[in-house]
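S.K.: everything below, folded, please.
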Amino acid sequence: QVQLVESGGGLVQAGDSLRLSCAASGRTFSRYGMGWFRQAPGKEREFVAAISWSGGKRYYADSLNSRFTISRDNGKNTVYLQMNSLKPEDTAVYYCAADYNGSGGYRQDEYDYWGQGTQVTVSS
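M.R.: Numbering: from 1, shown residues only. Okay, here's the model as predicted:
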């Protein structure tokens, strides 16, 4: 069982940066692939980024144009999402998720545990 708690969201202006954190409970965090997803108002939840259990593989949504970076610290049971050059269209609730199989991936059904989400609002 893994519990996930996101933090770091807030209200920022276009062009600003934010770093989201996702703290995980449990001693087996390092076995899990981790992902970030987001859901904008009136839209379906979509993939943002994922990282394998070791950090050796990382995946990103093509639409991000390299503005976001996912990383993890297994010693701190935490995964991060560094978001730069934020745009109003990045406004969404951001969720982290854990994949027991360790790889992470693009599909939501690959993930076994989800956090409650953190709101990111980017003003123009």
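S.K.: contacting residues for the residue sitting nearest the centre point of the chain?
M.R.: Nearest to the geometric centre of the chain sits residue 36, at 2.4 Å (Cα atoms, centre = their mean). By Cβ atoms under 8 Å, 6 or more residues apart in numbering, the contact list for residue 36 reads 20, 22, 48, 49, 50, 70, 79, 81, 94, 95, 96, 97. For every residue, glycine as well, the C-beta is placed using N, CA and C.
S.K.: quick one, phi/psi of the nearest residue to the last one once chain neighbours are set aside?
M.R.: The reference is to residue 97. Closest residue in space to residue 97, ignoring its immediate chain neighbours: residue 111 at 3.7 Å, by Cβ to Cβ, 6 or more residues apart in numbering. The phi and psi values for residue 111, taken as degrees, to the nearest 10, are phi -100, psi 140.
S.K.: ok, back up a step: now flag whichever of the contacts of residue 36 is closest to residue 31.
M.R.: residue 79 (13.1 Å; Cβ to Cβ).
S.K.: element containing the closest one?
M.R.: In this assignment (DSSP states H and E), residue 79 forms part of strand 78-83.
S.K.: sorry, back to before: which of the contacts of residue 36 sits closest to residue 40?
M.R.: Using Cβ to Cβ, these come closest to residue 40 at residue 94, 10.2 Å.
S.K.: enumerate every residue touching that closest one.
M.R.: 6, 9, 20, 36, 37, 38, 48, 81, 117, 118, 119, 120.
S.K.: give me the pLDDT for the second one.
M.R.: So the one you mean is residue 9. What the model reports as pLDDT for residue 9 is 97.
S.K.: now for residue 68: which residues touch it?
M.R.: Per Cβ under 8 Å, 6+ apart, neighbours of residue 68: 48, 49, 60, 81, 82, 83, 84.
S.K.: check these for burial and list the buried ones.
M.R.: Using 16 or more other Cβ atoms under 10 Å as the burial test, the contacts of residue 68 include 48, 49, 60, 81, 83 as buried.
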